[in-house]
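[1] A predicted structure for the sequence below; I have some questions about it.
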Amino acid sequence: MMLTISEIQLFQLLKHKMGDKEAEALVTYVDEKITEKNEIAYQSLVTKEDLAKAEDKLGLKIAATKDDLVKSEGRLSSMIAATKDDIVKLDGKLSSMIAATKDDIVKLDGKLSTMIAATKDDIVKLDGKLSSMIAATKDDIVKLDGKLSSMIASTKEDLAKTEGRLETKVAETKSDIIRWVFSIFVITMLAIIGLYFKK
């Protein structure tokens, strides 16, 4: 292996510390790595020929793209024209639908007017029925009030009679109790007096 001046200097420096074989192996390893990296870098460099080829390819792609743009523009123009026609047709349909909707609204307004008039008549009839029902209910309440008044008066009379009878029975019961108590008292006194004289 041929060593360059810088490699020789490196070898001389390392030889004293590592020994001949180790220093030579280290310098050789470093040299191989540097050479390998230089080759990789050289392969990745672009030449003038590569640039010319890339420029030709790019020119072809630009020309194809221009053609595609022209075709797309033609398609877009036809699509815009078709869309305009569709908008005109849709505008006609919408106009006819709006006119039909206006007619439907007029018809619906007429129906609603007749329904409102019929509803007003029904409300008037219902009001008359309710008035007659309220009057009939008032008469029923007056009759019921009269019946309740007579029932209350009759109940008061019955209570007064029952109270009179109860008072009479209580008075009779009191006099009976007083007679019985007096009779028992007299009998007891006679018995005590009889026992007293018997001795």
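    Cool, the structure landed.

[2] And stretch 192-199, how far out from the chain middle?
    107 Å (CA atoms, centre = their mean, to the nearest Å).

[3] Could you export it as CSV, CA atoms only?
    Only the C-alpha atoms of stretch 192-199 are listed here, as CSV (Å, rounded to 0.1, in the frame of the first residue of the first chain):
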residue,chain,number,x,y,z
ILE,A,192,-130.4,-1.8,110.4
ILE,A,193,-133.1,-0.8,112.9
GLY,A,194,-134.5,-4.3,112.9
LEU,A,195,-131.1,-5.8,113.7
TYR,A,196,-130.6,-3.2,116.4
PHE,A,197,-133.8,-4.1,118.2
LYS,A,198,-133.3,-7.8,117.8
LYS,A,199,-130.4,-7.7,120.2
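
[4] which stretches of the protein form helices?
    Using DSSP state H, the helices of the chain run over residues 5-18, 20-44, 48-198.

[5] will you turn the ones you listed into JSON lines that also has mean pLDDT?
    Below are the helices of the chain laid out as JSON lines (pLDDT from 0 to 100):
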{"stretch": "helix 5-18", "mean pLDDT": "74"}
{"stretch": "helix 20-44", "mean pLDDT": "81"}
{"stretch": "helix 48-198", "mean pLDDT": "87"}
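
[6] Reformat the ones you listed as TSV; add mean neighbour count.
    C-betas here are computed from N, CA, C, even on glycine. Below are the helices of the chain laid out as TSV (neighbours: other CB atoms under 10 Å):
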stretch	mean neighbour count
helix 5-18	13
helix 20-44	11
helix 48-198	10
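
[7] Could I get the pLDDT score of L3?
    L3 is assigned 52 on the pLDDT scale.

[8] And I177, how close does it get to I152?
    From I177 across to I152, the span is 37 Å (CB to CB, to the nearest Å).

[9] Also K33?
    K33 is 130 Å from I152, by CB to CB.

[10] for G110, same thing?
    From G110 over to I152 the distance is 62 Å, taken as CB to CB.

[11] just Y29 next, same as before
    133 Å.

[12] Same question for K102.
    Taking CB to CB, one finds K102 at 72 Å from I152.

[13] Give me the local confidence score for T47.
    67.

[14] any idea how far stretch 110-126 is from the chain center?
    That offset, for stretch 110-126, works out to 40 Å (CA atoms, centre = their mean).

[15] Please apply the same query to stretch 123-130.
    That offset, for stretch 123-130, works out to 44 Å (CA atoms, centre = their mean).

[16] pull the CA atoms of that stretch into PDB?
    C-alpha atoms of stretch 123-130 as PDB (Å, rounded to 0.1, in the frame of the first residue of the first chain):
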ATOM      1  CA  ILE A 123    -119.600  28.800  17.000                       C
ATOM      2  CA  VAL A 124    -122.900  30.900  16.900                       C
ATOM      3  CA  LYS A 125    -124.900  27.600  17.100                       C
ATOM      4  CA  LEU A 126    -122.800  26.300  19.900                       C
ATOM      5  CA  ASP A 127    -123.100  29.600  21.800                       C
ATOM      6  CA  GLY A 128    -127.000  29.300  21.500                       C
ATOM      7  CA  LYS A 129    -126.800  25.700  22.700                       C
ATOM      8  CA  LEU A 130    -124.500  26.600  25.600                       C
END
